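Colleague: The following block contains a protein sequence and its predicted model.
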Amino acid sequence: MATILKHWREAATLIIAAKSKNIANRYSYEILMLKRSGKSKFMPSLSVFPGGVAEEADFSPEWMDVFSSIDNDIWTRTFAHFSKVGQGPPMFSRQRDEHFSKIPSEVAFRICAIRETFEECGILLTRSSNDNKINLLTEASNVSKNYGKIGNIGISDFEIWREKVDKDATQFIKMCQEFNMVPDIWSLTEWSNWLTPVTVARRSSGTDEGSKRRYDTAFFLCLLDTIPDAVHDDKETVHLQWSPPDELIKSHLESKVKLAPPQIYEICRFLNFKDIEELNEFCLTRINKRVTRNFPVPAVCDDGIFILYPGDDLYPEDPDIYGAKGPLIISGTLREIHQKYPHHNRYVLKDKESHRDFIYDVKFLCNVTQGDEHVIPVTDLSFLGMPRARF
Ligand SMILES: CC(C)(COP(=O)(O)O)[C@@H](O)C(=O)NCCC(=O)NCCSC(=O)CCC(=O)O
Ligand SMILES: Nc1ncnc2c1ncn2[C@@H]1O[C@H](COP(=O)(O)O)[C@@H](OP(=O)(O)O)[C@H]1O
Ligand SMILES: [Mg+2]
């Protein structure tokens, strides 16, 4: 069914925000980050949300039976909801082989995100038939909380199944059958979608055959009412941390944590929500909304390099997603360009004057909403003691 396409691979990632015990924090929740191994071919040593490449097993028609055996009525309504929720970005709406189209891709990529999270950090987001009420996405008016549910399979089975699922994704179906449970797809909000830029893929693969190192990634968000036990796998991931969004950004700016632009962009969106309950309410407003794909377009100007995102005045009408054309060249200095084209959704990577990466918030400029009505990232980090953006 080709989750490995000609130009990129399809993947899913899960942002987990859990209610914090530390009431002294400015933000009432903490976000889970996993540091990737230095041996990883893609984004080595960077901190990311748990996630990875989609497998055929995530799209298996066997999931139909697994879900309907838990609660046929809820599965029927959930299936109906996802089948008519509106056209999402291409990775959700594209045609697949019939065998892999039996469950909606909105369900399959949620299964992928939940499976990868279980493999990489041991958080198991599942519901069993004993969990009396599944909050139905389709009945938003009746739902006031959409927090995730952690499954319990007993300590002795836990690591055995984690290992099995890591080796073979079809084992996730077997595990759900064995313990009479289903992935808690209902608690995952579709949050964003990022397609890796061509230049990044070329850099990390070392060749022009960058398709293995490009990902069309569905980002989901799951809220938890308490911080669960979690341990990194010590293979693909070497460190695990929970941090409030402001501390994560601060750590990044102080070079204590290395983050890539998509993760920075997403964490800066969270800076809009101080309380996890505000975040929950925002998620409930997005139940019937779809995200648009974020395809970053690098641009070179007289004194620097920056990345353009959709909605920016300079974002191309027909972005070069296959990398056939050269880099976008824009004449003028960064300062001139920021003033001449005032609708910003851009990230300044380098300025030639200082011959180093920008630090502080001046890096990241966003003052436009995108087509999907999502919140925009907070870019003025002066409340963290960082200098204000200047041009
Ligand atoms: C796709 C992943 C979940 C990792 O998959 P794996 O199988 O290796 O575990 C993860 O990489 C991910 O979350 N990707 C989505 C974001 C992405 O593609 N990042 C690339 C960042 S680089 C960038 O945006 C431009 C910056 C630059 O240096 O030019
Ligand atoms: N011990 C380890 N150290 C570094 N990378 C590892 C690893 N074990 C697995 N991986 C890499 O993690 C990726 C699988 O991640 P996921 O399951 O999240 O999709 C694979 O990358 P490639 O797909 O680039 O080969 C695999 O090579
Ligand atoms: Mg991974």
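Modeller: Happy to help now that I have it. Ligands and ions are numbered 1, 2, ... in the order given.
Colleague: need the residues of the stretch 101-250 of the chain near ligand 1, please.
Modeller: Applying CB under 6 Å from any ligand atom, we find that the stretch 101-250 of the chain lies next to ligand 1 at 194, 196, 197, 199, 200, 215, 217. All C-beta atoms are positioned from the backbone trio N, CA, C, and that covers glycine.
Colleague: most neighbours, which of the residues you listed?
Modeller: Tallying neighbours with other CB atoms under 10 Å puts residue 217 at the head of these, with 28 neighbours.
Colleague: Show me which positions of stretch 170-190 end up buried.
Modeller: For stretch 170-190, the neighbour count (16 or more other CB atoms under 10 Å) marks 170-176, 179, 181-190 as buried.
Colleague: same question, stretch 254-271
Modeller: Neighbour-count burial for stretch 254-271 flags 257-259, 261-271 (criterion: 16+ other CB under 10 Å).
Colleague: And for stretch 303-322?
Modeller: 303-312, 314-315, 319, 321.
Colleague: With stretch 321-339 instead?
Modeller: Using 16+ other CB under 10 Å as the test for burial, stretch 321-339 gives 321, 323, 328, 330, 333, 334, 337, 338.
Colleague: low-confidence ranges in this structure?
Modeller: For the chain, applying pLDDT under 70 flags the ranges 1-4, 130-144, 200-212, 350-362, 387-391.
Colleague: quick one, helices of it?
Modeller: With helices called from DSSP state H, the chain shows them at 62-70, 72-83, 90-93, 105-121, 155-167, 170-178, 198-205, 245-253, 261-270, 276-285, 334-340.
Colleague: Now do the same contact list for residue 105.
Modeller: Applying CB atoms under 8 Å, 6 or more residues apart in numbering to residue 105 gives the contacts 59, 88, 91, 92, 93, 96.
Colleague: If we use 7 Å, what do you get?
Modeller: Counting by CB atoms under 7 Å, 6 or more residues apart in numbering, residue 105 touches residue 92.
Colleague: got it, and residue 334?
Modeller: Contact analysis of residue 334 by CB under 7 Å, 6+ apart lists 301, 303, 304, 306, 348, 351.
Colleague: Nearest spatial neighbour of it, chain-adjacent residues omitted?
Modeller: Nearest residue to residue 334, sequence neighbours excluded (CB to CB, 6 or more residues apart in numbering): residue 304, at 4.6 Å.
Colleague: and if you look at residue 249?
Modeller: residue 267 (5.8 Å).
Colleague: Ignoring the adjacent residues along the chain, who's closest to the residue in the stretch 101-250 of the chain that ligand 2 sits nearest to?
Modeller: For the stretch 101-250 of the chain, the residue closest to ligand 2 is residue 235, as judged by CB to the nearest ligand atom, at 3.5 Å. Of all residues beyond its chain neighbours, the one nearest residue 235 is residue 37 (7.0 Å), with distances taken as CB to CB, 6+ apart.
Colleague: what's the distance between the one you found and residue 57?
Modeller: Look at residue 37 and residue 57: by CB to CB, to the nearest Å, they are 24 Å apart.
Colleague: More neighbours: the two, which one.
Modeller: Comparing residue 37 with residue 57 by other CB under 10 Å, the one with more neighbours is residue 57, at 20 against 17.
Colleague: neighbours around the nearest residue to that one once chain neighbours are set aside, how many?
Modeller: Spatial nearest neighbour of residue 57, excluding adjacent residues (CB to CB, 6+ apart): residue 169 at 3.9 Å. By other CB under 10 Å, the residues close to residue 169 number 22.
Colleague: swap in residue 22?
Modeller: Using other CB under 10 Å, residue 22 is surrounded by 10 other residues.
Colleague: Let me see the backbone angles for it.
Modeller: Backbone geometry at residue 22, expressed as degrees, to the nearest 10, gives phi -80, psi 100.
Colleague: returning to what we had before: hmm, the residue nearest to residue 334 is touching residue 347, no?
Modeller: No: between residue 304 and residue 347 there is no contact under CB atoms under 7 Å: 11.1 Å.
Colleague: Quick one: name the residues of the protein near ligand 2.
Modeller: With CB under 6 Å from any ligand atom as the criterion, the chain meets ligand 2 at residues 37, 39, 40, 41, 42, 52, 53, 116, 235, 236.
Colleague: Tell me who's in contact with the last one.
Modeller: Listed by CB under 7 Å, 6+ apart, the contact set of residue 236 reads 36, 37, 40, 120.
Colleague: before we move on, what about residue 57?
Modeller: Each residue near residue 57 by CB under 7 Å, 6+ apart is listed here: 169, 170, 172, 173.
Colleague: Across the sheet, point out what pairs with residue 306.
Modeller: With DSSP bridges as the criterion, residue 306 is bridged to residue 299, residue 348.
Colleague: Smallest gap between this protein and ligand 2, at which residue?
Modeller: Closest point on the chain to ligand 2, by CB to the nearest ligand atom, is residue 52, at 2.1 Å.
Colleague: Check the gap between the closest residue to that residue other than its chain neighbours and residue 150 for me.
Modeller: Closest residue to residue 52 apart from its sequence neighbours, by CB to CB, 6+ apart: residue 116 at 4.2 Å. Distance, residue 116 to residue 150, by CB to CB: 16 Å.
Colleague: for the residue positioned nearest the centre of the chain, what are its contacts?
Modeller: Nearest to the mean C-alpha position of the chain, by CA atoms, centre = their mean, lies residue 219 at 2.6 Å. Counting by CB under 7 Å, 6+ apart, residue 219 touches 13, 15, 191, 192, 193, 194, 266.
Colleague: Show me which pair in the residues of the stretch 101-250 of the chain next to ligand 1 is furthest apart.
Modeller: Using CB to CB, these reach their maximum pairwise distance at 199 and 217, which is 16.8 Å.
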